[in-house]
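Novice: okay, here's the prediction I keep looking at, along with the sequence it came from:
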Amino acid sequence: MRILFVSERAPYLPCPDTARADAAQLLCAFAASHEVGVLATADPIDTDLQRRWPGRRAAFAEVLPAARWRRPLSGDPDVGLTGLQAAFERRVRGFMPDVVYLHGAMIAPLAAATPAACVLTPHAARLSDLAGRLVRSPLDRLAGWFTDRGADAWAHRWFAKAASCIVPSYADRALLGRHVPLARVDVVPPGLDLGRYTFRRSGDTDRIVFAGDLGFRPHADAAYRFATSVLPRIRRVRPRAEMILVATAPVGGARRLAHLDAVRIVAPVGDIRPSFWSAAAAVSPFDAAAARRSLVPHAMALGTPVVASPGTTAALPDVIAGHHVLVAERDADLAETVVLLLGHAVVANTVARNARDLVERCYGWSAIAAQYEAVLKRVAGAAGHPVSVAA
């Protein structure tokens with residue numbers, strides 16, 4: 001199968017930018033079995049090594065200077081897209097791909113510039129999340145409203161031009177359903193680099209980690225509820241228990257959590273792994289909408305047993321309650337379940353090992369890339385480019 005792989009920014013590894021790292025992992029997986037050409041852009045701060053990285057994996061790689069994608073007032077495509085589109089049309093004519101893969105929401109208009117079948121990964125978590133953001137001032141709120149409205153208008157105008165959109169959760173699928181027919185939205189969970197997220201069982205026996213985005217209201221509310229209602233119950237049984245909040249920079253009312261007894265905020269944090277490794281249990285008491293942004297698969301990979309809400313497990317269909325994670329909903333039940341993990345090493349070790357096994361089967365990049373490839377093959381076949389299973 002010939003795949004034209006187009007990315008907002010040139011993929012490379014190792015990379016701290018999740019979107020670029022994900023693109024790089026997919027490129028490596030696709031290039032191992034298919035003929036792949038790459039078209040991308042790069043910022044001025046990108047090094048020559050980073051710009052050349054995709055060319056060492058693909059049949060060809062063309063990296064253009066990055067420019068603004070969208071006009072701020074009209075919302076129309078700007079010079080970044082017009083320049084990329086010219087190269088895109090030229091590469092489609094010359095390479096004649098069976099399918100085009102578009103990695104990034106801002107390059108969605110390219111799907112309207114070619115008769116070739118296109119698959120889009122728009123990073124849908126950017127869409128309309130701002131209603132749940134905690135903002136500091138009316139000016140921030142106004143800026144958030146404009147950003148949110150612009151993202152929705154862009155999605156509505158361009159995303160349906162692709163034959164399929166890939167999103168990381170069913171909550172994202174429902175969100176995107178306002179702009180794209182649900183039959184054309186595929187769900188593929190985020191992949192994990194299992195070499196980076198290694199399994200360790202070395203946490204403090206009284207440390208609990210809560211990982212989330214404290215600038216996102218549902219996460220901040222869940223953290224406050226756990227710190228004020230669940231943690232005191234745990235400390236009645238285990239007085240040394242402490243809660244570590246691993247988060248992006250706290251915003252607004254979320255700062256009050258730092259003044260609570262036995263609560264410590266680690267934010268902003270660039271690497272979540274040490275915090276998870278240092279804890280005996282991870283908690284994810286989110287509803288289904290907030291759970292799509294949880295870090296439960298990361299905790300499972302790292303060896304930290306998880307206590308989750310039914311809403312969290314609903315967002316992870318492969319997870320079996322009581323086997324891969326322990327599940328509780330009411331505050332008293334959450335406290336009792338965390339105490340069970342803190343006090344019984346056999347239970348904690350068993351849950352942690354089961355969870356890691358699941359991650360290796362379902363969330364490693366080899367498994368995730370195979371799901372992406374299945375979507376690409378289906379779309380290529382529907383467009384008149386049938387691809388054998390072995391291709």
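Specialist: Nice, I can see it.
Novice: what segments of the stretch 251-391 of the chain are strands?
Specialist: 263-266, 279-284, 306-308, 326-327 (DSSP state E, counting those that start in this stretch).
Novice: per-stretch mean pLDDT over the ones you listed, give me the minimum one.
Specialist: Of all these, the minimum mean pLDDT falls on strand 263-266 (a mean of 88).
Novice: in PDB, list the C-alpha atoms belonging to it.
Specialist: Output in PDB follows, covering the C-alpha atoms of strand 263-266 (Å, rounded to 0.1, in the frame of the first residue of the first chain):
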ATOM      1  CA  VAL A 263      -1.800  17.000  49.800                       C
ATOM      2  CA  ARG A 264       1.100  18.000  47.500                       C
ATOM      3  CA  ILE A 265       1.000  19.500  44.000                       C
ATOM      4  CA  VAL A 266       3.700  18.700  41.500                       C
END
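Novice: now for it, which elements pack on it?
Specialist: Here strand 263-266 touches strand 242-247, going by 3 or more Cβ pairs under 8 Å, 6 or more residues apart in numbering; DSSP states H and E. (Glycine included, C-beta is placed from N, CA and C.)
Novice: what are the pairing partners of the strand it packs on, and which direction each?
Specialist: Applying DSSP bridges, strand 242-247 is found paired with strand 204-212 (parallel), strand 263-266 (parallel).
Novice: what comes into contact with that strand?
Specialist: With contact meaning Cβ atoms under 8 Å, 6 or more residues apart in numbering, strand 242-247 is reached by 206-214, 219, 223, 226-227, 231, 254, 257, 262-269, 272, 275-276, 278-279.
Novice: sort out which of those are buried, if you could.
Specialist: Buried subset of the contacts of strand 242-247 (neighbour count, 16 or more other Cβ atoms under 10 Å): 206-214, 219, 223, 226-227, 231, 254, 257, 262-263, 265, 267, 269, 272, 275-276, 278-279.
Novice: can you give the domain ranges for the protein?
Specialist: Here the domain parsing of the chain from automatic domain parsing is 2-191+364-382, 204-362.
Novice: gap between residue 3 and residue 100?
Specialist: Using Cβ to Cβ, to the nearest Å, residue 3 is found at 8 Å from residue 100.
Novice: the more surrounded of those two?
Specialist: Neighbours per residue, other Cβ atoms under 10 Å: of residue 3 and residue 100, the larger number sits with residue 100, 30 against 27.
Novice: list the beta-bridge partners for that one.
Specialist: According to DSSP bridges, beta-bridge pairing links residue 100 with residue 4, residue 118.
Novice: so residue 218 touches residue 286, yeah?
Specialist: Yes. At 6.6 Å, residue 218 and residue 286 qualify as touching, with contact defined as Cβ atoms under 8 Å.
Novice: who has more neighbours out of these two?
Specialist: residue 286 (25 against 18).
Novice: state the pLDDT value of that one.
Specialist: Per-residue confidence (pLDDT) for residue 286: 85.
Novice: what's the answer for residue 144, then?
Specialist: On the pLDDT scale, residue 144 is placed at 47.
Novice: do residue 16 as well
Specialist: Value listed for residue 16 in the pLDDT field: 85.
Novice: burial count for it?
Specialist: 8.
Novice: got it, and residue 321?
Specialist: Counted with other Cβ under 10 Å, residue 321 comes out at 12.
Novice: same check, this time on residue 202
Specialist: Residue 202: 10 surrounding residues under other Cβ under 10 Å.
Novice: can you tell me the closest non-neighbouring residue to it?
Specialist: Closest residue to residue 202 apart from its sequence neighbours, by Cβ to Cβ, 6 or more residues apart in numbering: residue 277 at 6.0 Å.
Novice: mind checking how far the one you found is from residue 352?
Specialist: Distance from residue 277 to residue 352, by Cβ to Cβ: 11 Å.
Novice: spit out the residues that contact those two alike.
Specialist: Here residue 277 and residue 352 have 303-304 as joint contacts, going by Cβ under 8 Å, 6+ apart.
Novice: so those two - more neighbours on which side?
Specialist: Legend: neighbour count by other Cβ under 10 Å for residue 277 and residue 352, higher for residue 352 (27 against 18).
Novice: got a list of what the more buried one touches?
Specialist: Neighbouring residues of residue 352 by Cβ under 8 Å, 6+ apart: 199, 201, 300, 303-305.
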